[in-house]
Structure formats: structure tokens, C-alpha cells
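Asker: Make a model of this:
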Amino acid sequence: MERSPLFIQSLEKALFVLEAFAHAEHLLSLSEIVRLSGLEKPATQRCVHTLVQTGYLEKDPQSGRFSLGKKVLDLSFHFLRAHPLVIAATPVLLQLRRDCGERTNLSLFDGTTVIYAIRLHGKREYPQHSTLIGRRMPTYCSAGGRATLARLPVEEVRAILAMSDLRPMTPLTLTDPAAILDKIDEARERGYGFVAGESSPGELVIAAPVIDASGRPAAAVHIAASVNKWKADEFERTFAPHAMEAASHLSHNNAVTAGIPTFGGRRHAHGTES
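Answerer: Model prediction:
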């Protein structure tokens, strides 16, 4: 694809360096950043040096290895505080958690993935790293992903599935496109998505879509709990109405959903829906 003359290739390289840390569970050496970013070593060195100087990377003085800098969190904060749907959904999800007593989340639709923007833990639930804000989850096997896909034209759904990496997240994850399409059709009929153990072992999740002013899915409201506490059919019957009511409330707030950007269609690393 031909690039615009406005495209800044050096900026793209710096973003590749930052994105390399999405694949790491520890501090990275320069050679590891070279490998993960796919850049040549001289370009990587320049980008890393610049990002350290500007605070977006930090260098450990003992090991000489690198991590993301605290300024990256500033970007997340500014995104969340300015996003109209996140602002409007926060009190709605707080009330939903009070009513249900279980984990409530808001995910934003981003093509092949959904990304969590609000995550409120349930009662007596110990937070884990997999429940942090910013976690991505594939649309094809998440309740929120299927709920949003169900509100798109079938041709668009097929295109998104074709771009998706249909790897199993758990032994119960559906990876056959035909079976996934059946689940999306089911979500279309019911008005919500439901998964049991497909995205995270032992987890039940209900999600209903939030529709923007143009009639497209922009996000999803989730309610999640453990199979140790609920039977799947009882959980679905109990909480589906709550998720749909909250999502409907946000969908009909045109001041909230107007102007929310659509997804870019990029692939992203797998996350977990828990």
C-alpha cells in the first residue's frame, strides 16, 4: 500500500519499539528489542535512546535492560479521562456491580480484539494482572466480542474472523469459523453474548453491546463470575437482563456514543477475559 508523504517512518519505528514490550514479561535487553520490533540495531538504538530521554522507556542501572516508562501511564490516563463513553459508563458499571455483586467491565470494540477500559472487581475477589485496564481479548471467543460482532453485517464479521488468529485460549475455546458464526448468530437473536470457559478457565461471562449514534457497535458491558459460584444456565438467566439494561442505557445516550472512533482493524496480542 502506498504511503502518504505525511507518514513519518522514524515515528513508526519508535512505536514498534514501544510495542515490543507487549510481548515481554520482564525487562528487555537491546538485542531483545531488536528481535521483537523487527528493526535494525542502529535504528533501535536511536529510538531506545530517545524514548529513555523523553521518559517513555526506563533503563535499569544495574542490568542495563529496559522497561516501559511511567509516562506511558499518562497516555492511558488522558485517554480514559477524555473518552465520553468511559466517563458515562463508570457510574453505570458501579451501580451494576452493586446490584449484581460480580465483576463488571466495559470493553471497547477494536476489530479483531476488544480492549478493557473499565474493570470493577466483584466482592471477595482478588485482583490479578490479567484483570488490569488495557487488557485485550480476541473478539471471536469473548462474550463482548461476540456481542459486538452480532451487530455487524455478516460480510464484515467474516472479514474480521479471517483476520483473526483463531488459537484456543482454553480447551473449551471454539476455533472453527462455522461454530463461531453460530455463536454470533445466537448472540444476535438473544441480544447478548455468553461464554463459559472459552476465554479463561472456569469463567462465565455475559456481555451486551453498546451501540453508537450511527448504529454500529462501539463497546460492550460485561458481567463475569466463576463456575465455582454459579451454574452456567443460572448465571445466564440471572445476569443477561442486567447487562442488556446497562448497555441499552449507554446506547441511547447520543451525547456519549456520538463521535466514538471505529476500529482500525489491526491485529493485537491475545489477552484474557477474566
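Asker: wait, what's in contact with the residue nearest to residue 174 when sequence neighbours are not counted?
Answerer: Spatially, and ignoring its direct neighbours in sequence, residue 174 is nearest to residue 180 (5.4 Å; C-beta to C-beta, 6 or more residues apart in numbering). C-beta here means a position set from N, CA and C on the backbone, and glycine is covered the same way. For residue 180, the contact set (C-beta atoms under 8 Å, 6 or more residues apart in numbering) comprises 140-141, 146, 161, 166, 174.
Asker: can you tell me which of those lies nearest to residue 31?
Answerer: Taking C-beta to C-beta as the measure, residue 31 lies nearest residue 166 of these, at 31.8 Å.
Asker: The closest one and residue 5, how far apart?
Answerer: Distance from residue 166 to residue 5, counting by C-beta to C-beta, to the nearest Å: 37 Å.
Asker: Please identify which of those two sits among more neighbours.
Answerer: Higher neighbour count among residue 166 and residue 5: residue 166, with 15 against 5, using other C-beta atoms under 10 Å.
Asker: For that one, give me its contacts.
Answerer: 140, 175, 177, 180.
Asker: If any of those are buried, put those into a PyMOL selection.
Answerer: To isolate in PyMOL the members of these that are buried, counting by 16 or more other C-beta atoms under 10 Å, one can use:
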select buried, resi 140+180
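Asker: Closest one to residue 78 out of the contacts of residue 166, please.
Answerer: residue 140 (30.5 Å).
Asker: Before we go further, the closest one is sitting in a helix, right?
Answerer: Yes. Checked against DSSP: H, G, I helix; E, B strand; the rest coil, residue 140 lies within a helix.
Asker: I figured it was touching residue 162, is that so?
Answerer: No. Counting by C-beta atoms under 8 Å, residue 140 stays clear of residue 162, with 10.7 Å between them.
Asker: Filter the contacts of residue 166 down to the ones in helices?
Answerer: 177, 180 (DSSP state H).
Asker: now the contacts of residue 166 in a markdown table, with pLDDT and distance to residue 98?
Answerer: Formatted as a markdown table, the contacts of residue 166 follow (pLDDT from 0 to 100; distance: C-beta to C-beta, whole Å):
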| residue | pLDDT | distance to residue 98 |
| --- | --- | --- |
| 140 | 97 | 32 |
| 175 | 96 | 37 |
| 177 | 96 | 39 |
| 180 | 97 | 34 |
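Asker: could you dump the contacts of residue 166 to JSON lines with distance to residue 157?
Answerer: Compiled in JSON lines, those are given as follows (distance: C-beta to C-beta, whole Å):
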{"residue": "140", "distance to residue 157": "10"}
{"residue": "175", "distance to residue 157": "16"}
{"residue": "177", "distance to residue 157": "10"}
{"residue": "180", "distance to residue 157": "9"}
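Asker: I'd say residue 70 and residue 55 touch.
Answerer: Yes. The criterion here is C-beta under 8 Å, and residue 70 meets it with residue 55 at 7.0 Å.
Asker: ok, now which ones touch residue 161?
Answerer: 140, 177, 180-181.
Asker: Check the secondary structure at residue 39 for me.
Answerer: Under three-state DSSP, the three-state class of residue 39 is coil.
Asker: I'd assumed residue 46 was in contact with it.
Answerer: No. Using C-beta under 8 Å as the test, residue 39 is too far from residue 46 to be in contact (9.7 Å).
Asker: Please say which of these two ends up with more neighbours.
Answerer: residue 39 (21 against 15).
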